[in-house]
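>>> mind looking at a prediction? Sequence and model below.
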Amino acid sequence: ARITLVKVDATNNSAGSLFEKIADAGVNVNVFNQALVGGGRMDISLVISDVDVPTVVDIINDLKPQLNAGKVSVIGVGIKNNRGMFQKAYNTLSSNGINVEMTSCSEINISCYIDRDDVKKAQILLHEAFLGKVGK
């Protein structure tokens, strides 16, 4: 699974805090990418095992004020070949009161740009919509 945080605050060691908490949780990061995007911001992508997604999402939510990111993505090879995936993601957010300001799609990625205050709620809603209830 890939998790991407967009426009994370690059001025306060938020990436260092994120990696420390992920390591403390015993999560193995298979691939890591960090890119400065200007204005004191960076994008961070992690590739981890699917079973570790809930743990890492919880860590991200705990660090939300420090990270200050504002995009949520649905990632998976099946997106390319399954009709209705974008509609499912968009409708899941909008029907739950989350305003989708902008979207982008690729063969394996649907990204929805939303208010930072809605990221945690959106992560839970999308997880439940695509993978089932969080925690089981």
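Looks like it arrived, so ask away.
>>> mind checking the longest strand of this protein?
Identified as the longest strand of the chain according to DSSP state E is strand 29-38.
>>> that strand - contacts with which helices or strands?
Counting contacts by 3 or more CB pairs under 8 Å, 6 or more residues apart in numbering; DSSP states H and E, strand 29-38 packs against helix 14-24, strand 41-48. Quick note: C-beta positions are derived from backbone N, CA and C, even for glycine.
>>> these two touch, right, residue 62 and residue 21?
Yes. In this structure residue 62 lies within contact range of residue 21 using CB atoms under 8 Å: 7.3 Å.
>>> out of the two, which sits in the more crowded spot?
Using other CB atoms under 10 Å as the criterion, residue 62 and residue 21 rank with residue 21 on top: 17 against 14.
>>> now do residue 104 against residue 24, distance only.
According to CB to CB, to the nearest Å, residue 104 stands 33 Å off from residue 24.
>>> same question, residue 83
41 Å.
>>> could you do residue 52 as well?
Taking CB to CB, one finds residue 52 at 13 Å from residue 24.
>>> ok, these two, which is more surrounded?
The neighbour comparison of residue 52 against residue 24 (other CB under 10 Å) goes to residue 52, with 20 against 9.
>>> just the strands in this structure please.
Per DSSP E, the chain carries strands over the ranges 2-9, 29-38, 41-48, 71-75, 100-105, 109-114.
>>> how about those strands in TSV, adding mean neighbour count, distance to residue 92 and mean pLDDT?
Shown next, in TSV, are those (neighbours: other CB atoms under 10 Å; distance: least, CB to CB, whole Å; pLDDT from 0 to 100):
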stretch	mean neighbour count	distance to residue 92	mean pLDDT
strand 2-9	19	18	84
strand 29-38	11	27	84
strand 41-48	18	22	86
strand 71-75	21	9	68
strand 100-105	13	10	76
strand 109-114	19	9	81
